[in-house]
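Chemist: Give me a model of this one.
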Amino acid sequence: SLQEEDFSDREGDILPISDGSETWDPDPCDLVQDWRDSGVDIRVHVVGLGLTDMARGAMQCIADASGTRYLDAQSAQDLGKAIEQAAASVPPKPGDARP
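Modeler: The predicted model follows:
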């Protein structure tokens, strides 16, 4: 399971893709909020694949706590588009070349 100390000296972006079947410990929404409260500069871009409303709400909470967008996918084509959208929302680092 992920803990704050796993990322406390890092910055960047994480892209979890969830089908809603996993169990998380600790609660990822609380963990991401703790990261933000502690100044950890990790953005979590969440893609849900065929989620129920309840699972979608949990994933939306993670994105909200991280200051990102939750992206929903119902098919392989949607999944590809969602990953592209998430990648496009990652702020460029100095010296990064973007098309």
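Chemist: rest of the way, CA atoms for contacts and neighbours
Modeler: Fine.
Chemist: Confirm that residue 71 sits in a strand.
Modeler: Yes - using DSSP: H, G, I helix; E, B strand; the rest coil, the assignment for residue 71 is a strand.
Chemist: In this model residue 48 seems to touch it, though I could be wrong.
Modeler: Yes - counting by CA atoms under 8 Å, residue 71 does reach residue 48; the two are 6.3 Å apart.
Chemist: Residue 63 in helix, strand or coil?
Modeler: Quick answer, by three-state DSSP: residue 63 is helix.
Chemist: no no, residue 26
Modeler: coil.
Chemist: Please determine how far it is located from residue 32.
Modeler: 10 Å (CA to CA, to the nearest Å).
Chemist: in stretch 46-64, what's buried?
Modeler: Residues 46-51, 55-56, 59-64 are the ones in stretch 46-64 that count as buried (16 or more other CA atoms under 10 Å).
Chemist: quick one: average pLDDT of it?
Modeler: For stretch 46-64, the mean pLDDT works out to 90.
Chemist: Report the backbone C-alpha coordinates of it in PDB.
Modeler: Extracted C-alpha coordinates of stretch 46-64, given in PDB (Å, rounded to 0.1, in the frame of the first residue of the first chain):
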ATOM      1  CA  VAL A  46      -7.600   8.800 -12.100                       C
ATOM      2  CA  VAL A  47      -9.100   6.800 -15.000                       C
ATOM      3  CA  GLY A  48     -12.100   4.600 -14.200                       C
ATOM      4  CA  LEU A  49     -12.900   1.700 -16.500                       C
ATOM      5  CA  GLY A  50     -16.500   0.600 -16.500                       C
ATOM      6  CA  LEU A  51     -17.100   1.700 -12.900                       C
ATOM      7  CA  THR A  52     -20.300   1.600 -10.900                       C
ATOM      8  CA  ASP A  53     -21.600   5.000  -9.600                       C
ATOM      9  CA  MET A  54     -20.300   4.200  -6.100                       C
ATOM     10  CA  ALA A  55     -16.800   3.300  -7.400                       C
ATOM     11  CA  ARG A  56     -16.800   6.300  -9.700                       C
ATOM     12  CA  GLY A  57     -17.600   8.500  -6.700                       C
ATOM     13  CA  ALA A  58     -14.600   7.100  -4.800                       C
ATOM     14  CA  MET A  59     -12.300   7.700  -7.700                       C
ATOM     15  CA  GLN A  60     -13.700  11.200  -8.200                       C
ATOM     16  CA  CYS A  61     -12.800  11.900  -4.600                       C
ATOM     17  CA  ILE A  62      -9.100  11.000  -5.300                       C
ATOM     18  CA  ALA A  63      -9.100  13.400  -8.300                       C
ATOM     19  CA  ASP A  64     -10.700  16.200  -6.300                       C
END
